[in-house]
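>>> coordinates for the following, if possible.
(one chain, ligands or ions: 1)
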Amino acid sequence: MAVELKDVCYRYGDAEVLHGVSFSIGRGAKVALMGPNGAGKSTLISLLNGLEEPSSGTVSIFGEVLTAKNREMARLKLGVVYQDPDDQIFSTTVEEDVAFGPRGQGLSEAEVEERVRVALGSVGMRELRKRSPFELSYGQKRRVAIAGVLAMRPDIIVLDEPMAFLDPKGRDDLQSLLEAMHLMGITLVVATHDVDFAAEWADEVLILKEGRLLASGGTDLLFDDAVIASADLHLPRLARPFRLLEGVDGAAARPKTVRQAAQMMWRLMVRRSEADAANSDVQKKEAGAK
Ligand SMILES: Nc1ncnc2c1ncn2[C@@H]1O[C@H](COP(=O)(O)OP(=O)(O)OP(=O)(O)O)[C@@H](O)[C@H]1O
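Numbers count the residues shown, from 1 in each chain. Here you go, the predicted structure:
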């Protein structure tokens, strides 16, 4: 397992905000961590990279329970891209910022340069490498923050709300980048409120509510009315037309995944065009008979 939580509780002072959370994430998985505001997603992320310690329970990375002693090991294996890139960026140029992590790993300057080059290339920012990161747009800063984590070559990357404030093209680009990271073999955990993205991209979903794991499993959870209602989510857009058609004679049942929704729409369109063609044949025959 890449990540394993056993009965994890966490307190801010007297207030317990995570209550006995347990789950595991396999190597190479694409996981969407979901749940309403205040559910505990960011808190959970700070436990994953050892920034905070659980009040009770354990967090393991590749089978090793995190302790104060091996926290640094966790940071090498698991990188976090925080919600606000300004929390993560501080150097005077983009390339210096991306070089910071690998340099801290004690790598040679040649290796650091190579890692910076590859990481900036992966996020499409090589041309802006000499710029000050503080002069960049929000979306560009987020790419620099991702490059900084990629340059550390972690096995697991956790991204907190990476789609927030990105324009539609920026979201598509980020989704392609996540796919590329997955193909590199990186285990990915993305905290997100974006149901459409999660339904399309993830292969597993973890849903938190009020500090408890409400549900975990495949993306079919996001098509389940009971789960949606209790997790304050909404149906993925692709599934909504099917809900409107529920109860209509001859309408298809509700899809359970994005792929199934697309296939069902395709079948409905084919059926419709066959019906149109048959209608026009009848009309032609009737016109001919007159
Ligand atoms: N520094 C803090 N001190 C005290 N309580 C905190 C602190 N940070 C978060 N909390 C509380 O912990 C709970 C979980 O917050 P957290 O930020 O982890 O939720 P989240 O799921 O990431 O929310 P969002 O979707 O809004 O980002 C909330 O009730 C919040 O008020």
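
>>> where does pLDDT dip in the stretch 151-290 of the chain?
Scanning the stretch 151-290 of the chain for pLDDT under 70 picks out 246-252.

>>> buried ones in whichever strand or helix holds V270?
For V270, the host element (DSSP states H and E) is helix 258-289. By 16 or more other C-beta atoms under 10 Å, the buried positions in helix 258-289 come out as V258, Q260, A261, M264. For the C-beta atoms, the positions are set from N, CA and C on the backbone; glycine is no exception.

>>> for that helix, which helices and strands make contact with it?
If you count contacts as 3 or more C-beta pairs under 8 Å, 6 or more residues apart in numbering; DSSP states H and E, helix 258-289 packs onto helix 240-245.

>>> so which strand or helix has T43?
Using DSSP H and E, T43 maps to helix 41-48.

>>> which residues are in contact with that helix?
By C-beta atoms under 8 Å, 6 or more residues apart in numbering, the list of residues contacting helix 41-48 from outside reads 3, 5, 8, 10, 12, 17-18, 21, 33-35, 52-54, 59, 61, 66, 74, 78, 80, 83, 158, 160, 189, 191, 208.

>>> ok, 6 Å please
If you take C-beta atoms under 6 Å, 6 or more residues apart in numbering as the criterion, helix 41-48 is touched by Y10, V17, L33, G35, E52, P54, V59, L78, V80, V158, D160, A191.

>>> cool, and stretch 62-80?
Residues from elsewhere that reach stretch 62-80 (C-beta under 6 Å, 6+ apart): 45, 48-50, 58-59, 61, 149, 152, 154-158.

>>> among the residues you listed, which one lies nearest to the ligand?
Here the nearest of the contacts of stretch 62-80 to the ligand, counting by C-beta to the nearest ligand atom, is I45; it sits at 7.7 Å.

>>> measure that closest one to K290 for me?
Distance from I45 to K290, counting by C-beta to C-beta, to the nearest Å: 73 Å.

>>> between the contacts of stretch 62-80, which is nearest E114?
Relative to E114, the closest of these is M152; by C-beta to C-beta it sits at 13.3 Å.

>>> what helix or strand is the residue most central in space within the chain on?
Per C-alpha atoms, centre = their mean, the C-alpha nearest to the average position across the chain is that of V190, at 2.9 Å. Using DSSP H and E, V190 sits in strand 187-191.

>>> so which elements touch that strand?
In this structure, strand 187-191 packs against strand 30-34, strand 156-160, with contacts taken as 3 or more C-beta pairs under 6 Å, 6 or more residues apart in numbering; DSSP states H and E.

>>> could you redo the last one with a cut-off of 10 Å?
Counting contacts by 3 or more C-beta pairs under 10 Å, 6 or more residues apart in numbering; DSSP states H and E, strand 187-191 packs against strand 15-25, strand 30-34, helix 41-48, strand 78-81, strand 156-160, helix 168-183, helix 195-201, strand 204-209.
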